[in-house]
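1. Provide a 3D model corresponding to the input given below.
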Amino acid sequence: ITPYSYHVYLDESEISIDYAPSHQAGIYKISFANDGESKLIINTRNGELAVENGAVSGYQIIDNTPTRIYLYMETAQKSVNEGILTDSKTDYTSKKGSTIVLDFAKEKVIDIRYGISFISAEQAKKNLERDIDSYDIAKVTETGRNCWNQILGKIVVKGGSDDEKALFYTSLYRTYERMINISEDGKYYSAFDGKVHDDNGTPFYTDDWIWDTYRATHPLRILIESEMETDMVKSYIRMAEQSP
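-> Numbers count the residues shown, from 1 in each chain. The predicted structure follows:
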């Protein structure tokens with residue numbers, strides 16, 4: 001695992017999985033080694049999904065709140081059948097439910113790309129099209145790697161051991177985990193009032209790790225990410241204005 005890629009091999013199922021994230025989208029390459037049928041099962045624990053011509057869209061409700069996270073997903077390979085899973089049986093006549101099944105028969109490699117959104121499934125598709133324009137996982141991985149090298153390269157360390165440098169840059173990487181920019185093409189969903197707002201050119205950030213981040217993380221960003229930190233402070237003001 002790296003900040004820009006993930007790989008795992010499921011030994012019992014003989015399935016190799018590669019993954020690379022983008023800003024509001026992601027891409028998978030799933031390789032099947034055994035002779036069985038290749039299927040994808042996509043489910044939402046609290047929401048609804050639909051499938052049409054191999055594209056899956058829908059939403060999941062977060063923690064029984066009004067907040068929904070939307071999905072739009074498509075595959076490079078064409079599924080031979082699609083339906084929903086009910087009571088451990090696949091109903092290929094239905095196209096909407098909580099669990100979608102895509103049957104790829106004997107296909108050995110499945111390339112998947114998807115977008116997510118807090119606004120709508122249509123916006124999730126736009127986010128995907130903006131972030132990832134192909135099924136080339138190596139290209140997405142390299143783009144992510146270059147982004148992280150540029151960001152972490154803002155501070156150049158001289159001296160110290162390799163272990164000390166690894167500790168420093170790991171800590172610096174973690175300062176970029178939060179807050180999160182959730183603006184989507186000039187709009188954002190606010191969980192504070194449950195509405196979609198125009199960001200008016202200022203990205204909306206949320207989901208801060210408030211525990212002691214004011215001691216070092218936010219002051220550090222003032223030095224190396226002043227514009228981002230200013231947008232975060234403005235986001236806190238918006239949160240207060242939108243809170244009941």
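2. next, the residue in the chain sticking out farthest from the centre: secondary structure please.
-> Going by C-alpha atoms, centre = their mean, the residue of the chain most distant from its centre is residue 159, 36.1 Å out. Secondary structure assignment for residue 159 (DSSP: H, G, I helix; E, B strand; the rest coil): coil.
3. tell me where the chain has helices.
-> 121-131, 137-152, 162-174, 217-224, 226-242 (DSSP state H).
4. nearest to residue 67, of the ones you listed?
-> Nearest to residue 67 among the helices of the chain is helix 226-242; the distance by C-beta to C-beta comes to 13.2 Å. Just so you know, the C-beta spots here come from the backbone N, C-alpha and C atoms, and that holds for glycine as well.
5. mind listing what's buried along that closest one?
-> Buried residues in helix 226-242, counted by 16 or more other C-beta atoms under 10 Å: 228-229, 231-232, 235, 238-239.
6. looking at the helices of the chain, which is buried most?
-> Ranked by mean neighbour count, those are led by helix 121-131 with a mean of 19 (mean count of other C-beta atoms under 10 Å).
7. how distant is that helix from the center of its chain?
-> Taking C-alpha atoms, centre = their mean, to the nearest Å, one finds helix 121-131 lying 12 Å from the centre of the chain it belongs to.
8. quick revisit: ok, so of the buried residues of helix 226-242, who is nearest residue 76?
-> Closest to residue 76, out of all of those and judged by C-beta to C-beta, is residue 228, at 34.7 Å.
9. residues contacting the nearest residue to that closest one once chain neighbours are set aside?
-> Excluding the flanking residues, the one nearest residue 228 by C-beta to C-beta, 6 or more residues apart in numbering is residue 221, at 6.1 Å. Going by C-beta atoms under 8 Å, 6 or more residues apart in numbering, residue 221 touches 175, 228-229, 232.
10. make TSV out of those residues and add distance to residue 95 and pLDDT.
-> Listed next are these as TSV, based on distance: C-beta to C-beta, whole Å; pLDDT from 0 to 100:
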residue	distance to residue 95	pLDDT
175	44	93
228	42	97
229	46	97
232	41	97
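11. is it true that residue 61 touches residue 68?
-> Yes - contact criterion C-beta atoms under 8 Å: residue 61 and residue 68 qualify, at 5.5 Å.
12. mind checking which of the helices of the chain is nearest residue 106?
-> Residue 106 lies closest, by C-beta to C-beta, to one member of these: helix 137-152, at 21.8 Å.
13. which secondary structure elements does that closest one contact?
-> On a contact count with 3 or more C-beta pairs under 8 Å, 6 or more residues apart in numbering; DSSP states H and E, helix 137-152 meets strand 15-21, strand 25-32, helix 162-174.
14. between the ones you listed, which gets nearest to residue 104?
-> Of all these, it is strand 25-32 that lies closest to residue 104, at 8.7 Å by C-beta to C-beta.
15. paired strands for that closest one, with orientation please.
-> Paired neighbours of strand 25-32 in the sheet (DSSP bridges): strand 15-21 (antiparallel), strand 109-117 (antiparallel).
16. least confident secondary structure element in the protein?
-> strand 89-91 (a mean of 89; mean pLDDT, DSSP states H and E).
17. and that strand, how far out from the chain middle?
-> Remark: strand 89-91 is offset 29 Å from the chain centroid, using C-alpha atoms, centre = their mean.
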